[in-house]
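J.: Prediction below, plus the sequence it came from.
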Amino acid sequence: MTQDPWENLFTIIDGRREELVDLAQALIRFPTVNPPGEAYRPCAEFIGRRLSARGFAVEYVHAAGTPGDCERHPRINVIARREGAAPGPCVHLRSHIDVVQTGAGWTLDPFAAIVKDGKLYGRGACDMKGGLAASIIAVEALIDSGASLPGTLEISGTVDEESGGYGGVHYLAERGWFSAPRVDHVIIPEPLNVDRVCIGHRGVWWAEIETHGRMAHGSMPFLGDCAVRHMNAVIDRLERDLYPKLAARRTDMPVVPSGARHSTLNINSIHGGQAESAGYPAPCVPDSCRMVIDRRLLIEENMDGVKGEVRELLEQLVKDRDGFSYDLRDIFEVQPTMADRNGPVARSTAAAIRRVIGREPEFICSPGTYDQKHIDRIGKLRDCIAYGPGILDLAHQPDEYVLIEDMVNSAKVMAMAARSLLFGTA
Ligand SMILES: [Zn+2]
């Protein structure tokens, strides 16, 4: 009687449940808070030591000169690679090692990695050290399952995802670490719930609009020109013209929550006039008002069009409103991205979810961005998805946790998907 190869693999992973928890705890105990980028080197070296003991060739890539990189906070990425017995595709499991600030509201020590009632608590438990630990256990179990594997397995721990990925995946992608022929398929174990496959994300455009005025004494505002009132006119146009247009646009991307299936625009901040000094406001007509907008775009939109419609609205105000002048500055932009849900990595992960979890997987897109953008746009690698344990809503929250059961299940899913991809049976 031939043994089911999956059952063998799953039995190994079940037997390593404690080891998986220990590994996730050890990772959480590195306080890799970003900013400023604390403890990146020891965390990367911990991952590297573990994987080199399992036969991986380990490289550390220092993203010198990228934002925040300094002697005290070097941007150190780790990439581990293991070639199999025969040629074949390369499957890469990519996690970020940085976590956001702890913030207020914790009832437990955020870096003690406490286990309670089947949950592992700590900053990064959910986003995404639980996923990183699960991916390491998945790959090790796959190697130990006895099958002589073709192709190549890679695992990376990269930095600065929470601040745009410039010292992490962006830096690596620009240097060919995420391109064919080195890599073929990528799974990013971000916390997106254990039965969902995330195939992409919306795009972003952050920009600053500044309106100009003329200073005068606050008791004689008619002698000046108030930049805040000009900004009010901008907001009025946004409300009347742009917001209804954005709300009417609906995407075919399966974005969750469904409110994000439209184009959206948030006003992130607005600053006008002089700051109070010693609790006393300046009696002046403001000569400048600045507003930061956060526009999220759909795969059906293009960046030039998105910027163009804001500029058009401002140009219209130049014509319609006395004294109106403005500057529009780009701050940050990311193109939307979406992998093929019938591509090998999405298909094999979905099949593994059906087998391991016993549910029909949901294909989703993320309302915000993550490092898939760099892999797609810079690495030109389209076969990339995000899949991992952890409940998306808990990311970045106080008392963040990951369910141990979800870590075990996602390790099985990743191991099964990776095996199918290596053997080309996906
Ligand atoms: Zn994350």
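T.: Yes, it's here.
J.: Quick one: residues in contact with the strand or helix carrying E45.
T.: Assigned by DSSP states H and E, E45 belongs to helix 40-53. For helix 40-53, contacts defined as CB atoms under 8 Å, 6 or more residues apart in numbering pick out 23, 26-27, 30, 32, 58, 60, 73-78, 80, 82, 97-98, 132, 136, 155, 157, 159. C-beta coordinates here come from the backbone N, C-alpha and C atoms, glycine included.
J.: chain center to that helix, what's the gap?
T.: Centre-to-centre, helix 40-53 and its host chain are 22 Å apart (CA atoms, centre = their mean, to the nearest Å).
J.: for the record, mean pLDDT for that helix?
T.: Per-residue pLDDT over helix 40-53 has a mean of 98.
J.: Just checking the distance from the following helix or strand past that helix to the centre of its chain.
T.: Counting by DSSP H and E, the element after helix 40-53 in chain order, helix or strand, is strand 57-62. Taking CA atoms, centre = their mean, one finds strand 57-62 lying 22 Å from the centre of the chain it belongs to.
J.: what do you get for stretch 32-43?
T.: 17 Å.
J.: Show me what the helix or strand harbouring L422 is packed against.
T.: Following DSSP H and E, one finds L422 within helix 404-423. Helix 404-423 sits against helix 5-15, helix 17-28, strand 86-96, strand 119-121, helix 130-144, strand 150-158, strand 185-188, helix 344-356, with contacts defined as 3 or more CB pairs under 8 Å, 6 or more residues apart in numbering; DSSP states H and E.
J.: Show me what the fifth one is packed up against.
T.: Put plainly, it is helix 130-144. Looks like helix 130-144 contacts helix 5-15, helix 17-28, helix 40-53, strand 86-96, strand 150-158, helix 404-423 (3+ CB pairs under 8 Å, 6+ apart).
J.: Mind listing what's buried along it?
T.: Buried residues in helix 130-144, counted by 16 or more other CB atoms under 10 Å: 130-143.
J.: closest to E300 among the residues you listed?
T.: Ranked by distance to E300 (CB to CB), the buried residues of helix 130-144 are led by G131 at 29.9 Å.
J.: Around Y280, count how many other residues there are.
T.: Neighbours of Y280 under the rule other CB atoms under 10 Å: 7.
J.: still on that earlier bit, point out the one among the helices and strands packed on helix 130-144 that comes closest to the ion.
T.: strand 86-96 (5.7 Å; CB to the ion).
J.: what comes up buried for that closest one?
T.: Residues of strand 86-96 classed as buried: 88-96 (neighbour count, 16+ other CB under 10 Å).
J.: and what of stretch 229-244?
T.: For stretch 229-244, the neighbour count (16+ other CB under 10 Å) marks 229-231, 234, 237-238, 242 as buried.
J.: so can I have TSV of the helices and strands packed on helix 130-144 showing distance to A173?
T.: Supplementary listing: the helices and strands packed on helix 130-144 in TSV, determined by distance: least, CB to CB, whole Å:
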stretch	distance to A173
helix 5-15	30
helix 17-28	23
helix 40-53	18
strand 86-96	10
strand 150-158	10
helix 404-423	20
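J.: T369: which of those is closest?
T.: strand 86-96 (12.8 Å).
J.: and this protein, which residues reach the ion?
T.: Proximity of the chain to the ion (CB under 5 Å from the ion) is limited to residues 127-128, 190.
J.: Just name the closest of those to W6, please.
T.: Checking those against W6 with CB to CB, the nearest one is E190 at 24.4 Å.
J.: where does that closest one land in three-state SS?
T.: Of the three states, E190 takes coil under DSSP: H, G, I helix; E, B strand; the rest coil.
J.: Make sure P35 is actually in contact with G68.
T.: Yes: in this structure, P35 is within contact of G68 by CB atoms under 8 Å, at 6.2 Å.
J.: mind listing the helices for the stretch 151-300 of the chain?
T.: For the stretch 151-300 of the chain, the helices defined by DSSP state H, counting those that start in this stretch occupy 169-174, 227-237, 243-248.
J.: With mean pLDDT added, can I get those helices in CSV?
T.: Converted to CSV, the helices of the stretch 151-300 of the chain look like this (pLDDT from 0 to 100):
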stretch, mean pLDDT
helix 169-174, 96
helix 227-237, 98
helix 243-248, 97
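J.: now the ones you listed in TSV, with distance to R17?
T.: Formatted as TSV, the helices of the stretch 151-300 of the chain follow (distance: least, CB to CB, whole Å):
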stretch	distance to R17
helix 169-174	30
helix 227-237	54
helix 243-248	47
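J.: Please name whichever of these is nearest to L314.
T.: Closest approach to L314 among the helices of the stretch 151-300 of the chain (CB to CB): helix 227-237, 7.0 Å.
J.: helices or strands up against that closest one?
T.: Under the contact criterion of 3+ CB pairs under 8 Å, 6+ apart, helix 227-237 touches strand 203-212, strand 264-272, strand 288-297, helix 303-320.
J.: Compute the inter-axis angle for the helix holding E45 and strand 150-158.
T.: Interaxial angle, helix 40-53 versus strand 150-158 (axes from the mean of the first three to the mean of the last three CA atoms, to 10 degrees): 160 degrees.
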